[in-house]
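Engineer: got a sequence here, can you build the structure:
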Amino acid sequence: MTAKKKTFVPYANEADVLQIDNLMIENRLDRITISGDVDLTADQQGLAHARRLHEILGAVLATLEGQTLPEHLPPPDVKNVANPFN
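Structural biologist: Numbers count the residues shown, from 1 in each chain. Take a look at the predicted model:
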């Protein structure tokens, strides 16, 4: 049985997170955050990881190329909030 691959629409929401091995790809409305690592080994698993990464980055590239983009985005607005458990 093959697991259903999660659809990833770049910049569509603030909720989607994909994982390829130890690599995390997080969707945001104004950015895609990629963190962690993945080994693209010379075997079937490495090939599958490489294909999935290629697919995701291809979708990101297509989305960006289909828009009129500013030169730079401002840094994200980060706010500190009081700890509700204190």
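Engineer: what about the spatially most central residue of the chain, which SS state?
Structural biologist: Nearest to the mean C-alpha position of the chain, counting by Cα atoms, centre = their mean, stands residue 25 at 2.8 Å. On the three-state scheme (DSSP: H, G, I helix; E, B strand; the rest coil), residue 25 is labelled strand.
Engineer: you'd agree residue 18 is up against residue 10?
Structural biologist: No. Counting by Cβ atoms under 8 Å, residue 18 stays clear of residue 10, with 10.8 Å between them. All C-beta atoms are positioned from the backbone trio N, CA, C, and that covers glycine.
Engineer: got any residues that touch both of these two?
Structural biologist: By Cβ atoms under 8 Å, 6 or more residues apart in numbering, residue 18 and residue 10 have these common neighbours: residue 56.
Engineer: mind jotting down where the strands sit in this protein?
Structural biologist: 17-20, 22-27, 32-37 (DSSP state E).
Engineer: pull the CA atoms of the first one into PDB?
Structural biologist: This points to strand 17-20. What follows is strand 17-20, C-alpha atoms only, in PDB (Å, rounded to 0.1, in the frame of the first residue of the first chain):
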ATOM      1  CA  VAL A  17       4.700  21.400   7.100                       C
ATOM      2  CA  LEU A  18       6.400  18.600   5.100                       C
ATOM      3  CA  GLN A  19       9.200  16.400   6.200                       C
ATOM      4  CA  ILE A  20      11.800  14.700   4.100                       C
END
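Engineer: what mean pLDDT does it get?
Structural biologist: Mean pLDDT, strand 17-20: 95.
Engineer: measure residue 71 to residue 29 for me?
Structural biologist: 19 Å (Cβ to Cβ, to the nearest Å).
Engineer: tell me which of these two has more neighbours.
Structural biologist: residue 29 (8 against 4; other Cβ atoms under 10 Å).
Engineer: if I look at the more buried one, how far off is residue 16?
Structural biologist: Per Cβ to Cβ, residue 29 is found 11 Å from residue 16.
Engineer: between the two, which contacts overlap?
Structural biologist: By Cβ under 8 Å, 6+ apart, no residue touches both residue 29 and residue 16.
Engineer: now residue 63, nearest residue through space, not along the chain?
Structural biologist: Nearest residue to residue 63 in three dimensions, chain neighbours excluded: residue 10, at 4.4 Å (Cβ to Cβ, 6 or more residues apart in numbering).
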